[in-house]
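Student: Model the structure of this input:
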Amino acid sequence: MDYTQILGYVGALIVGLVLGLIGGGGSILTVPLLVYLLGYNPVVATAYSLFVVGTSSMVGTYQKHTKGLVDFKTGLAFSFPSFIAVYLSRRYLVPGIPKMLFSVEDFSLTKDMGIMIFFAVIMILASYSMIKNKKEPIENAESQPYYKTFIQGLIIGTITGIIGAGGGFLYVPALVLWANIPMKKAVGTSLIIVTINSLIGFTGDVQTLDIEWTFLLIFTGISILGIILGVFLSKFISGKKLKKSFGYFVLIMATYIIYKELK
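Tutor: Here you go, the predicted structure:
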């Protein structure tokens, strides 16, 4: 085991700690860690991220369920269009993206660059939601028609499929505003959606990529240990302050990714 791989496993522990402490942000750390530290290409990195985030979210779902904070009926209904989009994105859309997107004079935008820049844009949106001091949304009196939820699920699923993220920061407000679920329960319910989407999306990658199972299972196992530790530490650390600080960190990372890809 070389020095870089050891750092990678330390990073896996940090990914789990972040998930356990603030309930999200795992893929935001996992993808750059796999790409820039461990040298995986973005397609493989986003695939591995889906497995790590999906498995970790499964642990989180159980923890929230024991506290009565998971609405399985709504979560499963919402996850149906989402996992279809995630699977199709990973199975057909991502492999079908041309290696060269476009070229203008001396500048060329490759597939790998495009995925990382798109990922950075989503990171910026995520950082904004973490940094902004927002009041808890007032739930709608009635849930919206299911066909609208279906369309929204397809859109979010496609985005998360391309970037290999769980998409918790997108699903939580969707559940609050569109499905009329209280915020705390929306956080727990989003985890079951993230679990299903990520793991089913990963099955699309299994059919198109060679998976290094030993590395992936060790990395995921360490992340789960980090989650357990993070949940314990969350009793002593202010989640709101930590989330805001992490939001600024994500913003810096997103800026770095765009700079590195375009320089």
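Student: So what's the gap between the lowest-mean-pLDDT helix or strand in the chain and the chain middle?
Tutor: In the chain, no helix or strand scores lower on mean pLDDT, DSSP states H and E than helix 168-179, which sits at a mean of 73. Relative to its parent chain, helix 168-179 has a centroid offset of 14 Å by Cα atoms, centre = their mean, to the nearest Å.
Student: Tell me the first helix or strand C-terminal of that helix.
Tutor: Next in sequence after helix 168-179, counting helices and strands by DSSP states H and E, comes helix 183-206.
Student: helices and strands around that following helix, which ones?
Tutor: For helix 183-206, the packing partners by 3 or more Cβ pairs under 8 Å, 6 or more residues apart in numbering; DSSP states H and E come out as helix 42-65, helix 72-88, helix 146-163, helix 168-179. All C-beta atoms are positioned from the backbone trio N, CA, C, and that covers glycine.
Student: Report all helices and strands that the least confident helix or strand of the chain contacts.
Tutor: Partner elements for helix 168-179 (3+ Cβ pairs under 8 Å, 6+ apart): helix 72-88, helix 111-131, helix 146-163, helix 183-206.
Student: Comparing the ones you listed, which comes out most buried?
Tutor: Highest mean neighbour count among the helices and strands packed on helix 168-179 (mean count of other Cβ atoms under 10 Å): helix 183-206, with a mean of 24.
Student: ok, back up a step: could the helices and strands packed on helix 168-179 go into JSON lines alongside mean pLDDT and distance to V104?
Tutor: Output for those, formatted as JSON lines (pLDDT from 0 to 100; distance: least, Cβ to Cβ, whole Å):
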{"stretch": "helix 72-88", "mean pLDDT": "85", "distance to V104": "30"}
{"stretch": "helix 111-131", "mean pLDDT": "85", "distance to V104": "13"}
{"stretch": "helix 146-163", "mean pLDDT": "79", "distance to V104": "23"}
{"stretch": "helix 183-206", "mean pLDDT": "84", "distance to V104": "31"}
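Student: For T55, find the nearest of those.
Tutor: T55 sits nearest to helix 183-206 of all the helices and strands packed on helix 168-179, at 7.3 Å, using Cβ to Cβ.
Student: Now do the closest one against helix 72-88, angle only.
Tutor: Computed by axes from the mean of the first three to the mean of the last three Cα atoms, to 10 degrees, the angle separating helix 183-206 from helix 72-88 equals 30 degrees.
Student: hmm, who's touching the helix or strand that helix 183-206 is followed by?
Tutor: Once the chain leaves helix 183-206, the next helix or strand it forms, by DSSP H and E, is helix 213-233. The contact list for helix 213-233 (Cβ atoms under 8 Å, 6 or more residues apart in numbering) reads 8-9, 12-21, 26, 48, 51-52, 55-56, 59-60, 63.
Student: what about whichever helix or strand comes after helix 213-233, average pLDDT?
Tutor: As assigned by DSSP H and E, the chain's next helix or strand after helix 213-233 is helix 239-262. Averaging pLDDT along helix 239-262 yields 82.
Student: roughly how far out does helix 239-262 sit from the chain middle?
Tutor: Relative to its parent chain, helix 239-262 has a centroid offset of 14 Å by Cα atoms, centre = their mean.
Student: what do you get for stretch 120-132?
Tutor: Relative to the centre of its chain, stretch 120-132 is centred 12 Å away, using Cα atoms, centre = their mean.
Student: if we can go back for a sec, closest to K263 out of the helices and strands packed on helix 168-179?
Tutor: Ranking these by proximity to K263 (Cβ to Cβ) places helix 111-131 first, at 10.8 Å.
Student: Packing partners of the closest one?
Tutor: In terms of contacts (3+ Cβ pairs under 8 Å, 6+ apart), helix 111-131 is packed against helix 26-32, helix 42-65, strand 100-104, helix 146-163, helix 168-179, helix 239-262.
Student: before we move on, the earlier item: in JSON lines, list the helices and strands packed on helix 168-179 along with distance to T255.
Tutor: Listed next are those as JSON lines, based on distance: least, Cβ to Cβ, whole Å:
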{"stretch": "helix 72-88", "distance to T255": "27"}
{"stretch": "helix 111-131", "distance to T255": "8"}
{"stretch": "helix 146-163", "distance to T255": "17"}
{"stretch": "helix 183-206", "distance to T255": "26"}
